[in-house]
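[1] with the sequence up front, the predicted model follows.
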Amino acid sequence: MKRISVICGFLMSMWLSAQKIEVLNFATFHMGETPDTAKVKFDPKSEKSQKEVLEIAKLLAEFKPTVICVEVLPAENEKIQNDYQNFLKNKDFKTVYEGEVSLLAYQIAKIANVKKIYGIDEQETGQYNYRLGEQLKNQVDNVTYKRFITTFIEGFGKQENLSVKEKLIDYNKESTLQGLIEANADILTHVSTANNFEGADEAAKYYRRNLRMYSNLNQIPLSENDKVLIISGATHAAFFSEFLKRSPKYKTVDVFDYLK
């Protein structure tokens, strides 16, 4: 009886594994206007920049995605689909969505003949205060946050002279992704006044936003034959990486199988 149970469990795990949808979770910096505190030096109108991004698009298109998800609100899915179709029809069309959406997602979709682009962003959880650690007075620990953020910013400053590809390679490293979760959320748990949770409550807003973005992904109609490419800001990609590891539905594909 025990042997039968073990065999059944093994077969069930094999079946579940076989049904999983492949996901390529790609971390990028914002290639246009962004309200983010940390901005990467990048000129989207530069011919050199556009050429570099196109080379990345060609590499990622080799994944052959059937669906692409971007950092746009789901309420705009029809609008982004129309924008993409106009982009396909007219090479001189000025897209509504700029930055990494038009420069990267549209180009990949065009090369790979992707039919659907979905927005999975979420913005209803309230304004997130990245700078609370610099503003809150009478903190119990007024050292840890400042020390970490100073070191973190110095590290990102070293990327300034890298090529677009080199920056994106660095963004997609596991060490960078983990550092971004710490810098954008977890470090705030060190920010509080006595017997309070100001920083933790602020960090929870960002966790909530990313969980909701992941929920938006889960609401997209997909079949087991689909291959999903997610293109999002690196911190969102860092959270998705954690969620996808535990998913019964998805199987992550190594970015570096394509970003060579």
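    Looks like it came in fine. Residues are numbered from 1 along each chain as shown.
[2] from here on, contacts and neighbour counts on C-alpha atoms
    OK.
[3] just the helices in the stretch 1-150 of the chain please.
    Using DSSP state H, counting those that start in this stretch, the helices of the stretch 1-150 of the chain run over 2-19, 47-61, 77-89, 100, 106-112, 132-135, 144-157.
[4] select the longest helix from this structure.
    helix 198-218 (DSSP state H).
[5] distance of residue 153 from residue 183?
    Look at residue 153 and residue 183: by CA to CA, to the nearest Å, they are 9 Å apart.
[6] again but with residue 198, I slipped
    Applying CA to CA to residue 198 and residue 183 gives a distance of 16 Å.
[7] low-scoring stretches of the stretch 101-250 of the chain, by residue?
    125-126 (pLDDT under 70).
[8] so what does residue 171 look like in phi/psi?
    Main-chain dihedrals, residue 171, degrees, to the nearest 10: phi -60, psi -30.
[9] quick check: closest non-adjacent residue to residue 52.
    residue 164 (6.3 Å; CA to CA, 6 or more residues apart in numbering).
[10] hang on, residue 96 packs against residue 83?
    Yes - if you go by CA atoms under 8 Å, residue 96 and residue 83 touch, sitting 6.4 Å apart.
[11] about what we covered before: hmm, the residue nearest to residue 52 is touching residue 48, no?
    No - using CA under 8 Å, residue 164 is not in contact with residue 48, being 9.8 Å away.
[12] more neighbours: which of these two?
    Using other CA atoms under 10 Å, the more surrounded residue of residue 164 and residue 48 is residue 164, with 23 against 12.
[13] give the contact list for that one.
    By CA atoms under 8 Å, 6 or more residues apart in numbering, residue 164 lies in contact with 49, 52-53.
[14] for the longest helix of the chain, buried residues please.
    198-200, 202-207, 209-214, 216-217 (16 or more other CA atoms under 10 Å).
[15] strand partners of the next helix or strand after it, parallel vs antiparallel please.
    Going down the chain from helix 198-218, the next helix or strand is strand 227-233, by DSSP states H and E. In the sheet, strand 227-233 lines up against strand 21-28 (parallel), strand 67-70 (parallel) (DSSP bridges).
[16] looking at these, which is nearest to residue 169?
    Nearest to residue 169 among the strands paired with strand 227-233 is strand 21-28 (9.0 Å), distances taken as CA to CA.
[17] contacts for the closest one next, please.
    If you take CA under 8 Å, 6+ apart as the criterion, strand 21-28 is touched by 63, 100, 168, 171-172, 223-238, 240-241, 249-255.
[18] please redo it, this time with the cut-off set to 7 Å
    Around strand 21-28, the neighbours that count as contacts under CA atoms under 7 Å, 6 or more residues apart in numbering are 168, 171-172, 224-234, 237, 249-255.
[19] and for stretch 108-118?
    With CA under 7 Å, 6+ apart as the test, stretch 108-118 has contacts from 57-58, 60-61, 64-70, 74, 77, 81.
[20] name the residues of it that are buried.
    Buried-residue list, stretch 108-118, by 16+ other CA under 10 Å: 108-110, 112, 114, 117-118.
[21] end-to-end on that stretch?
    Separation of the first and last residues of stretch 108-118 by CA to CA is 14 Å.
[22] chain center to that stretch: distance?
    Relative to the centre of its chain, stretch 108-118 is centred 18 Å away, using CA atoms, centre = their mean, to the nearest Å.
[23] before we move on, what about stretch 168-175?
    Centroid separation for stretch 168-175 versus its chain: 12 Å, with CA atoms, centre = their mean.
[24] if I look at residue 139, how far off is residue 128?
    The spacing between residue 139 and residue 128, counted by CA to CA, is 19 Å.
[25] next one: residue 229
    Separation of residue 229 from residue 128 (CA to CA) stands at 27 Å.
[26] quick one on the thing from earlier: now, which of the contacts of stretch 108-118 sits nearest residue 157?
    So of these, ranked by how close each gets to residue 157 (CA to CA), first place is residue 57, at 25.1 Å.
[27] need the nearest residue in space to that closest one, chain neighbours excluded.
    Spatial nearest neighbour of residue 57, excluding adjacent residues (CA to CA, 6+ apart): residue 108 at 5.0 Å.
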